[in-house]
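Undergrad: following is a predicted model, sequence given first.
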Amino acid sequence: MIAGLFRRANARRRAVEGLHLALSMAARQPGLYTRLGVPDTVEGRFEALCLHAILVLRRLGRLPAPAAEVAQDLVNSVFTQLDASLRELGVGDMGVSKRMKKLGAAFYGRATGYDAALDAGDTAALRAALVRNVLGGEGDGTGLAAYVQAVDAALAAVDLDGLLGDGPPFPAPDGFASPFAPIEDRA
C-alpha cells in the first residue's frame, strides 16, 4: 500500500514537473519577444512565465478533481523555481522573502485581471492589462491579446489527462504579430 502511494506521488510529481517544463518552454518562445513585444529582460521573462502559468491554472480551475491538487502543485513548483532564481541572482534570505511576497501579489493580481477580461470576452481590457503588465507600458498589445485568447481557447478543449500527458497546446506566437510591429517582423 505504501509503495502504491509512493508511486502515485512520484507520478504526480513527474507530471507536474512536465507541466512546469512546458510552461517554461512556452515562455521562452522567441516569437513572444521578437513578434509580440515582450521585453527580453528578467522582468519580461517573469511576465511570460506568469502569463502561461496563469492560463494553465485558469484551465485547471475549470476541471474536476484532482485538477485543484495539480494546480496547487504547479503553483508550488513555479514559486520554488522563482525562489531559486532569486537566490542564484544573489538575493539574500531576507530579500528573497520580501521579493517572493511581491511576486506572489503580482502573480495573483495579474491572474485576477486576465481572468476577468477573458471571462467577459473584453479584448480591450485584456489588451490594456497585457500592455501594462507584460509589455511594460510599451506597444498596443493587439498581437499578444490575440495570442492569449488563442491559448485560452486551445486550453479549453483539453482535459486533465491531455494537460498532463501531451502538455498544454500552446500555439506558436509568430502568427499573432501585431499589425503595428515593424515591417521586417511581419510575415
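TA: Sure thing, it's come through.

Undergrad: CA only for contacts and neighbour counts going forward, please
TA: Noted.

Undergrad: ok, now which ones touch the residue nearest the centre of the chain?
TA: The centroid of the chain falls nearest to His52 when counting by CA atoms, centre = their mean (1.8 Å). With contacts defined as CA atoms under 8 Å, 6 or more residues apart in numbering, His52 is in contact with Leu23, Ala26, Ala27.

Undergrad: return the closest of those residues with respect to Thr41.
TA: Ala27 (12.2 Å; CA to CA).

Undergrad: which strands and helices sit next to the lowest-mean-pLDDT helix or strand in the chain?
TA: Least confident helix or strand, the chain: helix 2-27 with a mean of 78, by mean pLDDT, DSSP states H and E. Where contact means 3 or more CA pairs under 8 Å, 6 or more residues apart in numbering; DSSP states H and E, helix 2-27 is packed against helix 42-60, helix 67-88, helix 160-165.

Undergrad: return the set of buried residues in it.
TA: For helix 2-27, the neighbour count (16 or more other CA atoms under 10 Å) marks 12-13, 15-20, 22-24, 26-27 as buried.

Undergrad: for it, the distance to its chain's centre please.
TA: In terms of CA atoms, centre = their mean, to the nearest Å, the centre of helix 2-27 is found 17 Å from the chain centre.

Undergrad: any idea which helix or strand comes after that helix?
TA: Sequence-wise, the next helix or strand downstream of helix 2-27 (DSSP states H and E) is helix 30-34.

Undergrad: contacting residues around that next one?
TA: With CA under 8 Å, 6+ apart, helix 30-34 has contacts from Val38, Pro39, Asp40, Ala48, Leu144, Ala172, Pro173, Asp174, Asp185.
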